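In: Turn this into a structure:
(one chain, ligands or ions: 2)
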Amino acid sequence: MSPGGPGGKSSLDADKARKAAAHPDRPGQQCRAPAGAFRPVVDRRRCEGKADCVAVCPYAVFEVGPIDEEEYRALPLLSRLKLRAHGKKTAHTPRLDACRACGLCVVACPEKAITLVAVTPT
Ligand code: SF4
Ligand code: SF4
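Out: Ligands and ions are numbered 1, 2, ... in the order given. This is a model prediction of the structure:
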């Protein structure tokens with residue numbers, strides 16, 4: 001997989017992607033999974049909206065934006081305080097179906113907020 005990825009989106013950071021690609025704990029299928037067979041799950045209690053996931057995902061799965069108010073209120077107090085300190089921003093996954101399980105987001109996230117899970121066919 002090339003760090004720039006398809007389309008070479010401007011939000012991508014080639015250095016961060018290279019570092020993540022070389023990470024020994026990188027999970028997933030190195031982009032060999034069919035699109036949508038895996039999906040990243042963001043732990044809202046950990047995410048601080050730092051957008052490293054946006055910077056490394058070659059398939060533009062992530063966007064960082066305001067957390068949904070209802071989700072925010074459901075979080076434990078400490079997580080709410082942390083989120084507030086970071087402008088109440090969190091990672092959203094509007095293009096989940098594009099994920100090819102490269103695993104870069106998991107190792108790039110400084111808060112260890114992302115898990116890659118296999119999608120069970122229904
Ligand atoms: S999931 Fe991790 S890398 Fe993505 S915005 Fe949240 S803290 Fe940053
Ligand atoms: S594993 Fe993460 S970085 Fe890789 S394609 Fe899926 S969402 Fe994007």
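
In: Enumerate every residue touching Ala20.
Out: Arg26, Val56, Gly103, Leu104, Cys105, Val107, Ala108 (CB atoms under 8 Å, 6 or more residues apart in numbering). C-beta: built from backbone N, CA, C; applies to glycine.

In: helix, strand or coil for it?
Out: Secondary structure for Ala20, judged by DSSP: H, G, I helix; E, B strand; the rest coil, is helix.

In: Asp97 now?
Out: helix.

In: Kindly provide the distance from the closest residue to it other than its chain neighbours to Pro121.
Out: Take Asp97 and drop its neighbours on the chain: the residue closest to it by CB to CB, 6 or more residues apart in numbering is Gly36, 4.3 Å away. For Gly36, the distance to Pro121 equals 10 Å [CB to CB, to the nearest Å].

In: returning to what we had before: based on its surroundings, how many neighbours for the residue nearest to Asp97?
Out: For Gly36, the neighbour count with other CB atoms under 10 Å is 15.

In: thinking it is in contact with Thr93, fair?
Out: No. Gly36 is beyond contact range of Thr93, at 11.7 Å (criterion: CB atoms under 8 Å).

In: Quick check: neighbours shared by those two?
Out: Counting by CB under 8 Å, 6+ apart, nothing touches both Gly36 and Thr93.

In: Spatially central residue for the chain, please.
Out: Most central in the chain under CA atoms, centre = their mean is Cys53, positioned 4.0 Å from the mean C-alpha point.
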